[in-house]
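1. Sequence and predicted structure are below.
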2 protein chains.
Amino acid sequence: MSAHPALTAASDAALAAYRDAVSRYTREQLRAVEMVGADGTDTMFVDVVVEDAVISAATKAGVNVLTEERGFVDIGSAVTLVVDPVDGSANAAAGVPLSCFSATVAVDGEFTESITTWLHTGLVWWASRTESTFRTSGCTDLASAAVSVLRPHERNWDAWSRVAREAKRIRILSCSTLDAAFVATGAVDAFLDAGSDTHRLMDIAAAVVLVGASGGVVVDAYDRPIEFDTDLTRRWSGIVAATPELAASLQEKVAG
Amino acid sequence: MSAHPALTAASDAALAAYRDAVSRYTREQLRAVEMVGADGTDTMFVDVVVEDAVISAATKAGVNVLTEERGFVDIGSAVTLVVDPVDGSANAAAGVPLSCFSATVAVDGEFTESITTWLHTGLVWWASRTESTFRTSGCTDLASAAVSVLRPHERNWDAWSRVAREAKRIRILSCSTLDAAFVATGAVDAFLDAGSDTHRLMDIAAAVVLVGASGGVVVDAYDRPIEFDTDLTRRWSGIVAATPELAASLQEKVAG
């Protein structure tokens, strides 16, 4: 099986637009807040320019697009790309080279394949629901796990601390889709939002396909279904883990 | 001014040896513990092969080498390279692409220039004590600072938490020399070991030159001098900050 042409076209467009933006604009320009996105969060200039390029490429390829800033661009296709043009945009705008383009194909609401493209290196992780060249670590035990976590907030400080104290090693890379790619390849054992409900669909949809096809699982800390939805106000606390056992341990730690 | 030839030769040798090792060995082989290093910590296979290449290149270029694994290789030169062959070796061995070669030139015990080479991209940050093309962010206020931190341990959990709760944003990248390079370029405002005394000289020597010449400062959390020493049992809690004011705020937070 090979990648959906709209997925490849969108990834290529994102990479080109990102690199062009970085070469032409200062950090201050890249991180200037342009608008409040469809998901209710601030949108930076770098998000807007990459998203515009992605929407143009994807709709030209005949598919709908669901993005954090513009919302649902419906051109009447059965296929929708769920897109995060620049995941880790705080990294990107500051000059920390950890941010990704990420897109997931949904056909009649079912996720079928996804791509994650590291914007600073051009490295790509692609998988379909049934096909991945990657394999998770197989780790089942939190005490021996290397875990990536979203940064803590006051509202989830206790849950975050329980995870951080129990895991063997923790990292905070601030780029959910890159974190998930590292779980798929076995470089880290798990990645999670420890109960802060920060994740939007585009932060974890690619992981559902990529990590699921690589032997791992993606669940919500509170067992809410992670599903296609054009309502961008929904939030999750995604847990991306090498095994169901490790995911269950992390759910328990978040619950307290 | 241009880079000391031994510095360039060592960096080139490290990059070549690292890439060769990654292409030839599995992750299990790369992370196998080979020996207890001169600094008293475990040494992985990937450290050993890169270090061997660096020592060979540097001594051929006529300088001494001080490394974490082999200790002080003294060939009678006034010049010593203080080397971390693979900083972030846990990242490197796991497949998280955040690790660097780092070396600092010490002439009669004074640091004069340093290089940090991101092994996964080949990106290089070089500076001399008086010359840098980089500039820190100039941030003076912890509450508005993006801060990278070494991962917490039980022994410094409280100090670590004070820093994490006060800073605007935290990251844990697990590669001190890369973290320091990001402070030099202004991508992050500060990087620190929040009082766990994990830093060895080779973890922070390059930052003393690079960040110092870029407008920032490097201090120890407990004000111990960061100085050339062939005693590799010494430890520091390095604070690498965009400004002296920000470094002082971080010292206060670590002290409690």
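-> Happy to help now that I have it.
2. which residue ranges form the helices in the stretch 1-150 of chain A?
-> Secondary structure of the stretch 1-150 of chain A, counting by DSSP state H, counting those that start in this stretch: helices at A:5-24, A:27-31, A:45-60, A:89-94.
3. deepest of these, which one?
-> Greatest average neighbour count among those goes to helix A:89-94 (a mean of 24), per mean count of other Cβ atoms under 10 Å in any protein chain shown. C-beta coordinates here come from the backbone N, C-alpha and C atoms, glycine included.
4. Which elements pack onto that helix?
-> Applying 3 or more Cβ pairs under 8 Å, 6 or more residues apart in numbering or on different chains; DSSP states H and E, one finds that helix A:89-94 makes contact with helix A:27-31, helix A:45-60.
5. May I see the helices of the stretch 1-150 of chain A arranged in TSV, with mean pLDDT as well?
-> Formatted as TSV, the helices of the stretch 1-150 of chain A follow (pLDDT from 0 to 100):
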stretch	mean pLDDT
helix A:5-24	96
helix A:27-31	88
helix A:45-60	95
helix A:89-94	92
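6. Minimum distance to B:Glu110: which of the ones you listed has it?
-> Closest approach to B:Glu110 among those (Cβ to Cβ): helix A:89-94, 32.8 Å.
7. Any idea how far the closest one is from the middle of the chain?
-> 15 Å (Cα atoms, centre = their mean, to the nearest Å).
8. returning to what we had before: among the helices and strands packed on helix A:89-94, which is nearest B:Asp193?
-> B:Asp193 sits nearest to helix A:27-31 of all those, at 26.6 Å, using Cβ to Cβ.
9. ok, whatever residue of the stretch 151-256 of chain A ends up closest to chain B - how many residues close by?
-> Residue of the stretch 151-256 of chain A nearest chain B, by Cβ to the nearest Cβ: A:Ala187 (3.6 Å). Neighbour count for A:Ala187, taken as other Cβ atoms under 10 Å in any protein chain shown: 21.
10. end to end, how far does stretch A:99-113 reach?
-> Using Cα to Cα, to the nearest Å, the end-to-end distance of stretch A:99-113 comes to 20 Å.
11. is that stretch anywhere near chain B?
-> No - residues of stretch A:99-113 are not located near chain B by Cβ under 8 Å from any Cβ of the partner chain, the shortest gap being 11.7 Å.
12. and the helices and strands packed on helix A:89-94 as a markdown table, adding distance to chain B?
-> A markdown table is the format used below for the helices and strands packed on helix A:89-94 (distance: least, Cβ to the nearest Cβ, whole Å):
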| stretch | distance to chain B |
| --- | --- |
| helix A:27-31 | 8 |
| helix A:45-60 | 14 |
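13. quick revisit: tell me the secondary structure of the residue of the stretch 151-256 of chain A closest to chain B, please.
-> Per DSSP: H, G, I helix; E, B strand; the rest coil, the secondary structure class of A:Ala187 is coil.
14. can you pull the contacts of the closest residue in space to it that isn't next to it in sequence?
-> Among residues not flanking A:Ala187 along the chain, B:Gly95 sits closest, at 3.6 Å (Cβ to Cβ, 6 or more residues apart in numbering or on different chains). Neighbouring residues of B:Gly95 by Cβ atoms under 8 Å, 6 or more residues apart in numbering or on different chains: A:Phe182, A:Thr185, A:Gly186, A:Ala187, B:Arg27.
15. mind checking how far B:Gly95 is from A:Phe228?
-> Using Cβ to Cβ, to the nearest Å, one gets 31 Å for the distance from B:Gly95 to A:Phe228.
16. Next, count neighbours for A:Glu110.
-> Neighbours around A:Glu110, by other Cβ under 10 Å: 10.
17. same thing with A:Thr80?
-> What A:Thr80 shows, counting by other Cβ under 10 Å, is a neighbour count of 24.
18. Ok, A:Arg234 next?
-> 15.
19. ok, of the contacts of B:Gly95, which one's closest to A:Ser89?
-> A:Phe182 (18.9 Å).
20. Below-threshold pLDDT in the stretch 151-256 of chain A: ranges please.
-> By pLDDT under 70, the stretch 151-256 of chain A has no low-scoring segment.
21. Next one: the residue nearest to A:Ala187, what pLDDT does it get?
-> pLDDT for B:Gly95: 93.
22. How about A:Met1?
-> 64.
23. Report the backbone C-alpha coordinates of stretch A:135-153 in CSV.
-> The C-alpha trace of stretch A:135-153 is given here as CSV (Å, rounded to 0.1, in the frame of the first residue of the first chain):
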residue,chain,number,x,y,z
ARG,A,135,7.6,-1.3,16.0
THR,A,136,7.0,-0.1,19.6
SER,A,137,9.4,-1.1,22.4
GLY,A,138,6.9,-3.6,23.9
CYS,A,139,7.5,-2.1,27.3
THR,A,140,4.8,-3.0,29.8
ASP,A,141,6.2,-1.7,33.1
LEU,A,142,6.0,2.0,34.0
ALA,A,143,8.9,1.8,36.5
SER,A,144,11.2,0.8,33.6
ALA,A,145,9.6,3.1,31.0
ALA,A,146,11.0,6.2,29.3
VAL,A,147,8.0,8.5,29.1
SER,A,148,7.4,11.8,27.4
VAL,A,149,4.9,14.1,29.0
LEU,A,150,3.2,17.4,28.0
ARG,A,151,4.5,20.1,30.3
PRO,A,152,2.6,20.3,33.6
HIS,A,153,0.0,22.9,34.5
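24. Near the spatially closest residue to A:Leu232 that is not a sequence neighbour, how many other residues are there?
-> In space, and not counting its chain neighbours, A:Leu232 is closest to A:Asp39: 4.1 Å by Cβ to Cβ, 6+ apart. The local packing of A:Asp39 (other Cβ under 10 Å) involves 18 other residues.
25. just to revisit the earlier point, for the residue of the stretch 151-256 of chain A closest to chain B, give its distance to B:Ala90.
-> 11 Å.
26. thinking again about what came up before, for the contacts of B:Gly95, give me TSV that also has distance to B:Leu7.
-> TSV is the format used below for the contacts of B:Gly95 (distance: Cβ to Cβ, whole Å):
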residue	distance to B:Leu7
A:Phe182	31
A:Thr185	33
A:Gly186	35
A:Ala187	30
B:Arg27	30
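27. which one among those gets closest to A:His120?
-> Nearest to A:His120 among those is A:Phe182, at 14.8 Å by Cβ to Cβ.
28. how about the nearest residue to that closest one once chain neighbours are set aside, what does it touch?
-> Residue nearest to A:Phe182 in three dimensions, not counting chain neighbours: A:Val188, with 4.5 Å by Cβ to Cβ, 6+ apart. Residues counted as contacts of A:Val188 (Cβ under 8 Å, 6+ apart) are A:Ser137, A:Ala146, A:Val147, A:Ser148, A:Arg171, A:Asp179, A:Phe182, B:Ala94, B:Val96.
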